[in-house]
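Engineer: Attaching a predicted model along with its sequence, questions to come.
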Amino acid sequence: MDARLGEAIERVIEGTDPRLRALGEARARLAPAVSDALAFARGVAARLPPCIDMRPEAWDGTPMLRATFARPSDIVHVLSASEDLREFLATPDALGLETIHCIVASTRLERTVLGAAMEGDMLRQDVVQKTVSFGDFRLAGFSPSEEALRARIEEIVFEGLVIAALNAMVEGRHLQGEQLEARRRLLRARLQLLEKGGGLDATLDAGVAQHVDIAQLRTELTDNEAELARLKEGPTGLHGILELLVASLQEAESILQPQTLSLRLNAMNILAGPEEPEVSTIELFEFSTVFRNRPRRVAFLASFPRRIVVERRMDIGAALRSL
């Protein structure tokens, strides 16, 4: 096992359930799934389009910037408003760094509108169109070069796979526990009714069948409670947790579902058909997060000079008034 794979396996164990270190077979069982996750992350980083110049003065000649930001000044606003960027600039890694490379992620919003469009020689005012806009920006992966950024993206994607696997584990165990609890309540209710000689079962079934059902229900209830006990976190359940982690890691890629997205947009950010002239094509990377209630996100790689970030200035007067 190479050092990188070994380190990644340790990160998975630490990030999910450190008690798995007590299982001698844990690392060997995890190795294939973790190796696939690393290869997947490497492939994602390699497929991303090259970095774009994110300076405001590049806005007019860069279709990606024109589509993403309504005005050149919006670029400075998004950069300066980023808490993640602000935290990075306060770290030793940012010292002496004049150009910063990062991921720019956002939510793509589509809205159906009625607008004007030429259909043959006729100008129609009621054509159904889709406008595209972007919001909820997030910057990540701050690096000194594009090469370093792609290496950081590999780490981010791998971390995302681990989080997705952990989320699936927690959710799966929670749902399984809820189903078992509901089944236990049902079994207990039926058993109580049959033992009292009442209920729908007693009305429909003959006496012999009723006694058989009571014995069967008692057996099912015992098995149900044993299964609930196995779900509880404890040393005896580590093998089950390991198997669940391996399965969850193998399914994590289907949760993120990354893909390249090409959008043909006109100057009004309206999705254009293949025959429409004077449009720009932008290439985005689209992916899902582990949070089901969140829409799919899009991202591109960018670089910008540190000098354009407007850093906060302390309001001395406001600080003194708060004392």
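Structural biologist: Arrived safely, thanks for sending. Numbering: from 1, shown residues only.

Engineer: Distance-wise, check Ala165 relative to Glu253.
Structural biologist: Distance of Ala165 to Glu253, computed by C-beta to C-beta, to the nearest Å: 10 Å. Every C-beta, even on glycine, is put in place using the N, C-alpha and C of the backbone.

Engineer: So between the two, which is more surrounded?
Structural biologist: For Ala165 versus Glu253, neighbours defined as other C-beta atoms under 10 Å are more numerous around Ala165 (26 against 17).

Engineer: Could you list the low-confidence segments of the stretch 151-300 of the chain?
Structural biologist: When residues are selected by pLDDT under 70, those of the stretch 151-300 of the chain lie in 170-214, 224, 227-237, 274, 290-292.

Engineer: can you give me the strands for it?
Structural biologist: 259-265, 280-287, 297-305 (DSSP state E, counting those that start in this stretch).

Engineer: Let's have those strands in TSV, adding distance to Arg47.
Structural biologist: TSV is the format used below for the strands of the stretch 151-300 of the chain (distance: least, C-beta to C-beta, whole Å):
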stretch	distance to Arg47
strand 259-265	7
strand 280-287	7
strand 297-305	11
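
Engineer: and Ala3, how far is that from Pro144?
Structural biologist: Counting by C-beta to C-beta, the gap from Ala3 to Pro144 is 24 Å.

Engineer: Looking at the two, which has the bigger crowd around it?
Structural biologist: The neighbour comparison of Ala3 against Pro144 (other C-beta under 10 Å) goes to Pro144, with 16 against 7.

Engineer: you'd agree the more buried one is up against Gly96?
Structural biologist: No - assessed by C-beta atoms under 8 Å, Pro144 is found out of contact with Gly96, at 9.3 Å.

Engineer: Let's have the strands of the stretch 151-300 of the chain in CSV, adding mean neighbour count.
Structural biologist: Output for the strands of the stretch 151-300 of the chain, formatted as CSV (neighbours: other C-beta atoms under 10 Å):
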stretch, mean neighbour count
strand 259-265, 14
strand 280-287, 17
strand 297-305, 20
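
Engineer: quick one, which of the ones you listed is nearest to Thr219?
Structural biologist: Of all the strands of the stretch 151-300 of the chain, strand 280-287 sits nearest to Thr219, with 47.1 Å by C-beta to C-beta.

Engineer: now the angle between strand 259-265 and the closest one, please.
Structural biologist: On the basis of axes from the mean of the first three to the mean of the last three C-alpha atoms, to 10 degrees, strand 280-287 is oriented at 150 degrees to strand 259-265.

Engineer: so what does strand 280-287 touch, helix or strand wise?
Structural biologist: Packed against strand 280-287 by the contact rule (3 or more C-beta pairs under 8 Å, 6 or more residues apart in numbering; DSSP states H and E) you find helix 63-68, strand 259-265, strand 297-305.

Engineer: Is it possible to get these out as CSV so that each row also shows distance to Thr107?
Structural biologist: Shown next, in CSV, are the helices and strands packed on strand 280-287 (distance: least, C-beta to C-beta, whole Å):
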stretch, distance to Thr107
helix 63-68, 11
strand 259-265, 13
strand 297-305, 6
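
Engineer: Of all these, which one comes closest to Thr16?
Structural biologist: Nearest of those to Thr16, taken as C-beta to C-beta: strand 297-305 at 23.6 Å.

Engineer: Not counting its own residues, what contacts that closest one?
Structural biologist: With contact meaning C-beta atoms under 8 Å, 6 or more residues apart in numbering, strand 297-305 is reached by 48-55, 64, 68, 75, 79, 98-108, 134, 146, 149, 261, 283-289.

Engineer: Now which of those residues would you call buried?
Structural biologist: Buried subset of the contacts of strand 297-305 (neighbour count, 16 or more other C-beta atoms under 10 Å): 48, 51-55, 64, 68, 75, 79, 100-106, 108, 134, 149, 284-285, 287-289.

Engineer: From those, which land in strands?
Structural biologist: Counted as lying in strands by DSSP state E, out of the buried ones among the contacts of strand 297-305, are 52-53, 100-106, 108, 134, 284-285, 287.

Engineer: Considering these, which is situated nearest to Leu271?
Structural biologist: Nearest to Leu271 among those, counting by C-beta to C-beta, is Arg108 at 11.1 Å.

Engineer: Enumerate every residue touching that closest one.
Structural biologist: Arg108 makes contact with 132-134, 284, 286, 295-298, according to C-beta under 8 Å, 6+ apart.
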